[in-house]
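Participant: the sequence and its predicted three-dimensional model are supplied below.
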Amino acid sequence: MNKKEGNNKRGGSRPNSKKSIPGGLPKRAQAPKKAKPTTEAAAPKKTVKPVNNIPKPLKSDDIRLNKYIANSGICSRRDADIYIQSGNVKVNGVAITEMGYKVKPGDVVNFDGTVITPERKEYILLNKPKNFTTSNEDDADHRNVLELVRAATKAKIQPIGRMDKNTTGLLVFTNDTDMIRKFSLPNQKSTKIYQVSLDRNLKFEDLEKIAGGVTLDGHKLYVDEISYIEGESKTEIGLKLRTPNVKVVRAIFENFKYDVLKIDRVAFAGLTKKNLPRGNWRFLTEQEIINLKNL
């Protein structure tokens, strides 16, 4: 074999090899590579929290018109909305029908022809004695409960709920019409606890029947709890109810042919008679007011 031919390997057929060929076909043209972002650009920016040294704006003294009216003691917010919509309320001489309108300090509010001013809300707890009534009717033999709290405030307060002359115990007074309305609703969730004195021992079977619920005037009344009072005779009964009507307490036992000699409300919506002698009153604490509003 000719040495030249034998050494000329390129002259033969190309071997079927998957290996890349040095100095072979030119590589395909490629698009220019995108520049990689720098470390600073790639990293997410951290949110810088502002330094909390800027004084917060003072709370506005503006008050919604319906609340302003309710605070004056004329009516509830809901009723105030009706008066506003009917055009019976003016602010600085201009009739306002816009719901949510806010009254500014110094504004003159005219309600149905009368200039009104809101009162500061007052909340007073009284341990009511006997022979005082919540009724506004003139009674020469019995005095009104408002006489007992007259020295507490000049605000136009009124009792939450009613009590007859023979019922004693806790009674709340306020000029907060929204709260008065709230506690007068039949589906009120707050509990009241009464100590009831009967003319004779309450039979255990009657106690169990009352615990299961009583039907009065065709309506089923559910009792949260009823029990004999520890250390007392079985004429002394503890009763827990949600109804705001004190008359229901008497009606429950009369339905079982017992005469009720005395009813004393010892707890009202979490408030108790602790350190409050009969005939005395006190202002509610801020926390007690918050608790009542959250019920």
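Facilitator: Cool, the structure landed. Values in this document were obtained by computation on a predicted structure and should not be read as measured data.
Participant: so what's the nearest residue to L65 once chain neighbours are set aside up against?
Facilitator: The shortest distance from L65 to any non-neighbouring residue, by CB to CB, 6 or more residues apart in numbering, is to Y101 (4.6 Å). The way it works is simple: take the backbone N, C-alpha and C, and place the C-beta from them, glycine included. By CB atoms under 8 Å, 6 or more residues apart in numbering, the contact list for Y101 reads R64, L65, I84, V91.
Participant: among those, which ones are in helices?
Facilitator: Using DSSP state H, the members of these that fall within helices are L65, I84.
Participant: so where's this structure uncertain?
Facilitator: Along the chain, the parts satisfying pLDDT under 70 run over 1-60, 137-141.
Participant: all the helices of it, residue numbers only.
Facilitator: So, for the chain - with DSSP H - the helices run 3-7, 39-42, 65-71, 77-85, 177-184, 204-211, 247-254, 286-294.
Participant: N92: neighbour count?
Facilitator: The tally of other residues near N92 (other CB atoms under 10 Å) stands at 12.
Participant: over to V108?
Facilitator: Burial of V108 is recorded as 12 neighbouring residues (other CB under 10 Å).
Participant: does it touch V115 like I think?
Facilitator: Yes: counting by CB atoms under 8 Å, V115 is a contact partner of V108 at 6.2 Å.
Participant: now do the contacts for the residue positioned nearest the centre of the chain.
Facilitator: What sits nearest the mean C-alpha location of the chain, by CA atoms, centre = their mean, is N294, with 3.0 Å. By CB under 8 Å, 6+ apart, no residues touch N294.
Participant: for R162, same thing?
Facilitator: With contacts defined as CB under 8 Å, 6+ apart, R162 is in contact with T134, S135, N245, V246.
Participant: show me what the residue nearest to I157 when sequence neighbours are not counted bridges to in the sheet.
Facilitator: Distances taken as CB to CB, 6+ apart place F173 nearest to I157, at 4.4 Å, with adjacent residues excluded. Beta-bridge partners for F173, by DSSP bridges, are I124, P159.
Participant: in terms of contact, does F173 touch K128 like I think?
Facilitator: No: checked against CB under 8 Å, the pair F173 and K128 is beyond contact range at 10.3 Å.
Participant: could you find the closest non-adjacent residue to V172?
Facilitator: Leaving out its chain neighbours, the residue that sits closest to V172 by CB to CB, 6+ apart is I160, at 4.6 Å.
Participant: neighbours of the one you found, just the number please.
Facilitator: Around I160 there are 22 other residues, counting by other CB under 10 Å.
Participant: okay, strands next: where are they in the stretch 101-250 of the chain?
Facilitator: Ranges of strands in the stretch 101-250 of the chain, per DSSP state E, counting those that start in this stretch, are 102-103, 109-111, 114-116, 123-128, 132-133, 143-144, 158-159, 167-174, 192-198, 214-216, 219-221, 225-228, 236-241.
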